[in-house]
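In: Structure for this input, please:
(chains A, B and C)
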Amino acid sequence: MKLSEISKLIGAEFSGEDKEISAMNTLVDASDSELSFIANSKYLKDVTNSHAAAIIVDEKSAHLVPSNSTALVVEHPYWEMARLSKEFAPEIEDKEAAEPEIGEGSFVAANAYIAKGAKIGSNCQIMPGVYVGSYVTVGDNTILYPNVVVYRDCHIGNNCIIHASTVIGSDGFGFASNRLGQHQKIYHNGNAVVEDDVEIGACTTIDRAVFGTTRIKKGARLDNLIQLAHNCEIGEGSVVAAQTGFAGSSIVGRNNVFGAQSGVAGHLSIAPFNTFAARSGVTKSIEESGKTFAGFPFMEHKLWLKIQAKLARLIK
Amino acid sequence: MKLSEISKLIGAEFSGEDKEISAMNTLVDASDSELSFIANSKYLKDVTNSHAAAIIVDEKSAHLVPSNSTALVVEHPYWEMARLSKEFAPEIEDKEAAEPEIGEGSFVAANAYIAKGAKIGSNCQIMPGVYVGSYVTVGDNTILYPNVVVYRDCHIGNNCIIHASTVIGSDGFGFASNRLGQHQKIYHNGNAVVEDDVEIGACTTIDRAVFGTTRIKKGARLDNLIQLAHNCEIGEGSVVAAQTGFAGSSIVGRNNVFGAQSGVAGHLSIAPFNTFAARSGVTKSIEESGKTFAGFPFMEHKLWLKIQAKLARLIK
Amino acid sequence: MKLSEISKLIGAEFSGEDKEISAMNTLVDASDSELSFIANSKYLKDVTNSHAAAIIVDEKSAHLVPSNSTALVVEHPYWEMARLSKEFAPEIEDKEAAEPEIGEGSFVAANAYIAKGAKIGSNCQIMPGVYVGSYVTVGDNTILYPNVVVYRDCHIGNNCIIHASTVIGSDGFGFASNRLGQHQKIYHNGNAVVEDDVEIGACTTIDRAVFGTTRIKKGARLDNLIQLAHNCEIGEGSVVAAQTGFAGSSIVGRNNVFGAQSGVAGHLSIAPFNTFAARSGVTKSIEESGKTFAGFPFMEHKLWLKIQAKLARLIK
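Out: This next block holds a predicted model:
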């Protein structure tokens, strides 16, 4: 899409050299053929070094846009970004893509659906009712149990087991809102990646990233009915028990263990090798390793035990 | 079904003019061709003005039944109502209905299933593995991602996006129980309606109403793994994050925002424009607007913060 | 598999008479053609009376193995048990089994999938997108709504209703872990059984047992989005509201009632006829009956109410 068309669409003034824009991205990750935006003051620090071809911005931040980038000035940058995200969203399925490739020794059930552009490795089992979207890749020796859904552009590694009815790559929960209480969908044009040796339970939902990738790293184990929101990362060998939820953009280091029905707030960073008791509500980033946490409000497990004892005495 | 047959089936005495009964309904909503019941003293106030053709009632409340209605006196009205609900339940699929209609420009995957009597609008995408039941209507420009299930008689509006494996219109969780600990299913002969411009995430469950309609109003956004029980209503533009649950018959006003893993008890009414922190457990109706709530036990968010601070001091 | 092959595979010394081993099992349940293991000191009490043909054990517990059984001594018994579990895992589907049998009056949708070896009773409705695995039996008059998945070897009784996208018999969440933070999957070669007159909601997950059976007993009612882990048992007529989770091996007696979003820890035993308020977090076994519990930390409901009142006063 041409920069001139974009500026017209969002009602921003534009003069200067026109350019083809390939995608939208964050200020940090945008290349010089990509479009970015400033919608939140906490990202202002990233403007100066951005390589974005153009940046959607409001009037008062326009002066921060570096000289290598075009400022597209609008009243509501986040709303306009959301509107534009639709323009960059690909078709749900690419019907022009090449016929799917199925590796040697792989079994694909008659009523599984493999979209064009998809590639299945060797010795896989793709059971009935599975949907594999365009440009999805599945490694070798991987099992997709009945009714698993993998949205387009997502990748599943080798030796993975994905249990029935799990959904990988559904859109993240993101939208811009205006003062009338209306919402503008942010199309999630990133993807989700499940690395090698991962097992995921039944009816678990892994959302795709808005930009970039939601990632489950090598050897991680996820149970049933888990929610992993857009742009999260679950570290190598981490273990997540059933009905746990992760809000958007949280990064979990390797070999963390989450008890059932836990919750992790958004934009947190969790160091490796920690344990979270069942029903933990993790509301802050964790820099230490080797500890056990619990509770909501969230605290170290030994403090939680002390508080329970103290409360018991106070109440008597 | 004839009133005489009904009375025979539940063992109630019946004399007087016979009548065809078309359905069961609440005391308030029953028309003069419908049957109602009194199973809970809190609904006694609704008896006097009921237009129901007949009312199932126990002996001690029989005198309240108005003269325009026939009293069917039984020992256990709720149990008998449950037994009768099955008689009024339609077939899961109506194989006699007209061939489904598919609007112009709509794509229906080869292995999606559209039951007889269903109507799909124009420019829709009905992906593989989707089930659309009898008499379901889907508006224009709506996307049903793979393996979405819409039970019979439910309606989906225009410009909706329903993500993979979500279920709309499954039976609500309702039954009568006796002293032996046995349960009698209450067939849910109502439906579920998703209005225009609604997006619903993956693996979310929207139960149909026992009578009437479970409703998600225009522009609302629901995330993944949400439970919406029978007869709830989610107001226009409301936003519900993942793994939240609503018990039966709760009415949520417009533009409420629920953080993830929240819960709302049954039969509550929530005024518009409130915010609920993640993991809120809403146990009472809310008449104010513009406030933020949190916690379980449930309270205003600022009080919750104060309590956390006070507890911290007490414990030291 | 021969005992000699097993010992070779796990690197245990073996001399003596060779024997065909049919399966793995617990110390208590293993027959004299089965293999067992000691991986946790709390099961040491079960060694002396075990009938197992052989027991995988570490050096320091080897002397406990009774004379009727062969000790296979390894450094990490649990890890080796996990490795071996794969050897005893059957194919996901048995393509050599007999053609499936469908009882009189049963309707099987064209795009449902019934694997070889399965048997469907009479007057059932098997809706589109359903998967029924090898050797599954379904009783009479049972409804499997669209996209229900029943893994191999599981059994569903008469007069059951299973709502859309529910998964029965997926693998439990079990694995051995080593000091490098790697995990070895424990194949779940048990099954799941749903007895007569059970109704299960939508998107609920019932895991199969590691050995033996995960069981939902006669007349129980489960709502939507529930997690029932491996080897649990839900008692006759028990009622479980939405989004509740049960960790592994918990045994729930008859006619218990669980409010929504409750959780039950693993290896507990709950006496009949108790009630658990919504969001209860059950962390200990319950021997009494007829009581109401609540909260997390978990307590009797009337104590919970007293504490809330006392806290309110303390805080003022």
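In: burial measure for A:Q308, as a count.
Out: Under the neighbour criterion other C-beta atoms under 10 Å in any protein chain shown, A:Q308 is assigned a count of 12. Placement of C-beta: from N, CA and C, glycine included.
In: Is it in a helix, a strand, or coil?
Out: helix (DSSP: H, G, I helix; E, B strand; the rest coil).
In: Quick check: closest non-adjacent residue to it.
Out: C:P297 (5.6 Å; C-beta to C-beta, 6 or more residues apart in numbering or on different chains).
In: Pull the number of nearby residues for the one you found.
Out: Number of residues near C:P297 (other C-beta under 10 Å) recorded here: 16.
In: Equivalent analysis for A:K86, please.
Out: Other residues within reach of A:K86, judged by other C-beta under 10 Å, total 12.
In: contacts for the helix or strand hosting it?
Out: A:K86 is part of helix A:77-87 when elements are defined by DSSP states H and E. Helix A:77-87 is contacted from outside by A:1, A:6, A:9-12, A:24, A:35, A:37-40, A:56-58, A:74, A:175-176, A:178, A:184-189, A:210, using C-beta atoms under 8 Å, 6 or more residues apart in numbering or on different chains.
In: List only buried entries from these.
Out: Among the contacts of helix A:77-87, those classed as buried by neighbour count (16 or more other C-beta atoms under 10 Å in any protein chain shown) are A:1, A:6, A:10, A:12, A:24, A:35, A:37-39, A:56-58, A:74, A:175-176, A:184-189, A:210.
In: hang on, the earlier thing: among the contacts of helix A:77-87, which are within reach of chain B?
Out: A:175, A:185 (C-beta under 8 Å from any C-beta of the partner chain).
In: A:E93 and chain C, how far apart?
Out: Counting by C-beta to the nearest C-beta, to the nearest Å, the gap from A:E93 to chain C is 19 Å.
In: Among the contacts of helix A:77-87, which are located in helices?
Out: Those of the contacts of helix A:77-87 mapping onto helices are A:6, A:9-10, per DSSP state H.
In: Just the buried residues of whichever strand or helix holds A:W304, please?
Out: Assigning secondary structure by DSSP H and E places A:W304 in helix A:301-315. Buried positions in helix A:301-315, judged by neighbour count with 16+ other C-beta under 10 Å: A:301, A:304, A:307, A:311.
In: and if you look at stretch A:54-74?
Out: The neighbour-count criterion (16+ other C-beta under 10 Å) identifies A:54-58, A:61, A:64-65, A:69-74 as the buried residues of stretch A:54-74.
In: A:P272 against A:N256, yeah?
Out: Yes - shown here, A:P272 and A:N256 form a contact pair, counting by C-beta atoms under 8 Å, at 6.7 Å.
In: need the contact list for A:P90.
Out: Neighbour list for A:P90: A:152-153, A:189 [criterion: C-beta under 8 Å, 6+ apart].
In: Could you dump those into JSON lines and include pLDDT?
Out: Output for the contacts of A:P90, formatted as JSON lines (pLDDT from 0 to 100):
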{"residue": "A:R152", "pLDDT": "98"}
{"residue": "A:D153", "pLDDT": "98"}
{"residue": "A:N189", "pLDDT": "96"}
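In: For B:Y135, state which of those is nearest.
Out: Sorting the contacts of A:P90 by how near they are to B:Y135, with C-beta to C-beta, puts A:R152 at the top with 31.8 Å.
In: give me the beta-bridge partners of the closest residue to A:I161 other than its chain neighbours?
Out: Nearest residue to A:I161 in three dimensions, chain neighbours excluded: A:E199, at 4.5 Å (C-beta to C-beta, 6+ apart). Using DSSP bridges, the beta-bridge partners of A:E199 come out as A:I161, A:R221.
In: Low-confidence regions, chain A specifically.
Out: In the predicted model, chain A carries pLDDT under 70 at residues A:315-316.
In: Tell me how it divides into domains.
Out: Following automatic domain parsing, one gets these domains for chain A: A:3-87, A:101-303.
In: rewinding a little: and the angle from the helix holding A:W304 to helix C:301-315?
Out: In terms of direction (axes from the mean of the first three to the mean of the last three C-alpha atoms, to 10 degrees), helix A:301-315 departs from helix C:301-315 by 90 degrees.
In: how far out from the middle of the chain is helix A:301-315?
Out: Using C-alpha atoms, centre = their mean, to the nearest Å, we find the averaged C-alpha position of helix A:301-315 to lie 38 Å away from the chain's own average C-alpha position.
In: ok, now stretch A:29-39?
Out: 18 Å.
In: Just the C-alpha atoms of that stretch, please, in PDB.
Out: Coordinates of the C-alpha atoms in stretch A:29-39 are reproduced here as PDB (Å, rounded to 0.1, in the frame of the first residue of the first chain):
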ATOM      1  CA  ASP A  29      10.900  -3.400  15.000                       C
ATOM      2  CA  ALA A  30       9.700  -1.400  12.000                       C
ATOM      3  CA  SER A  31      11.900  -1.500   9.000                       C
ATOM      4  CA  ASP A  32      12.200   1.400   6.500                       C
ATOM      5  CA  SER A  33       9.400  -0.100   4.400                       C
ATOM      6  CA  GLU A  34       7.100  -0.400   7.400                       C
ATOM      7  CA  LEU A  35       4.600   1.900   9.100                       C
ATOM      8  CA  SER A  36       4.500   2.500  12.900                       C
ATOM      9  CA  PHE A  37       2.600   4.700  15.400                       C
ATOM     10  CA  ILE A  38       2.800   6.400  18.800                       C
ATOM     11  CA  ALA A  39      -0.300   5.600  20.800                       C
END
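In: tell me which of the buried residues of helix A:301-315 is nearest to chain B?
Out: When the buried residues of helix A:301-315 are compared for distance to chain B (C-beta to the nearest C-beta), A:I307 wins out at 5.5 Å.
In: Quick check: residues of the stretch 51-200 of chain A near chain C?
Out: Remark: the part of the stretch 51-200 of chain A in contact with chain C comprises A:109, A:111, A:125, A:127-129, A:143, A:145-147, A:161, A:163-165, A:199, using C-beta under 8 Å from any C-beta.
In: In contact with A:E96, which residues?
Out: Applying C-beta under 8 Å, 6+ apart, the residues near A:E96 are A:K116.
In: Which element, helix or strand, includes it?
Out: In the assignment (DSSP H and E), A:E96 maps to no helix and no strand.
In: Report the separation between it and chain C.
Out: Note on A:E96: its distance to chain C, by C-beta to the nearest C-beta, is 27 Å.
In: Can you list phi and psi of that residue for me?
Out: Here the main-chain torsion angles of A:E96 (degrees, to the nearest 10) amount to phi -90, psi -10.
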